[in-house]
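[1] Quick check, what structure comes out for this input:
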Amino acid sequence: MNLWLRVLWVWLRAKFGAKLDMPSGTSCVELIVLPNDLDTNLHMNNGRYLTLMDLGRLDLFVRSGLMAALRGTGWIPILSAAKIRFRREMRLWRRFRLETRIVYWIDTSFVMEQRCIMAGKGSTEVVAAIALMRGGIYDRKGRAFVPVEKLFERIGLPHMQPEPSDEVRAFLDAEDALKRAG
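    I've put the predicted structure just below:
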């Protein structure tokens, strides 16, 4: 099963699955580490985590109604930055849950937190990887990012910006420093 089949599977499940409350809802996608996810160490490849995290964002956008709100506008979701922390390896056939949620927004950017969570010993859960992603909605016709407030108005949500956590603030500061560095 390659990534395109996973994309189709996630999209169909999201399309016909339960709606997700926005902006506080958390997307959960159940996945398995497949042979084509492995690297030479026989655990999931570092880059594959980021690739599979696309599936979590797809589920979030479809189930929340954000994707439907983009239809016919020329607007597309674009990722602009990512920071990931690998905590535990995931080996072949390991089942895990990918959780995705929006944790902060400002002006034209969203920050999403994504976690790969697997079963640990007993009934515990272990975070295998955690990532923060920054992205926005890009207007191809206008050649600019769409203000979050405008998108929220389009889908009927109040624009109540949350306070950023220390981790989100550090992530945004680091991303801004990289942007200034060229």
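[2] rest of the way, CA atoms for contacts and neighbours
    Noted.
[3] and the residue located most distally from the centre of the chain, what element?
    Distance to the chain centre peaks in the chain at G122, reaching 28.3 Å (criterion: CA atoms, centre = their mean). Using DSSP states H and E, G122 sits in no helix or strand.
[4] Report pLDDT for it.
    G122 is assigned a predicted lDDT (pLDDT) of 89.
[5] measure it to L98 for me?
    Counting by CA to CA, to the nearest Å, the gap from G122 to L98 is 20 Å.
[6] Could you do W11 as well?
    As for W11, its distance to L98 is 15 Å (criterion: CA to CA).
[7] Identify each buried residue in stretch 55-75, please.
    Of the residues in stretch 55-75, 55-67, 69-70, 75 count as buried by neighbour count, 16 or more other CA atoms under 10 Å.
[8] This structure: strands as residue ranges?
    Shown for the chain, the strands assigned by DSSP state E span residues 26-32, 75-86, 95-106, 109-119, 125-139, 144-145.
[9] of W11 and L98, who's got more company?
    The residue with more neighbours, out of W11 and L98 and counting by other CA atoms under 10 Å, is L98; that gives 24 against 19.
[10] residue ranges with poor pLDDT in the chain?
    Along the chain, the model assigns pLDDT under 70 to residues 1-2.
[11] do that again at 80, thanks
    Of all residues in the chain, those with pLDDT under 80 make up the ranges 1-2, 158-160, 182.
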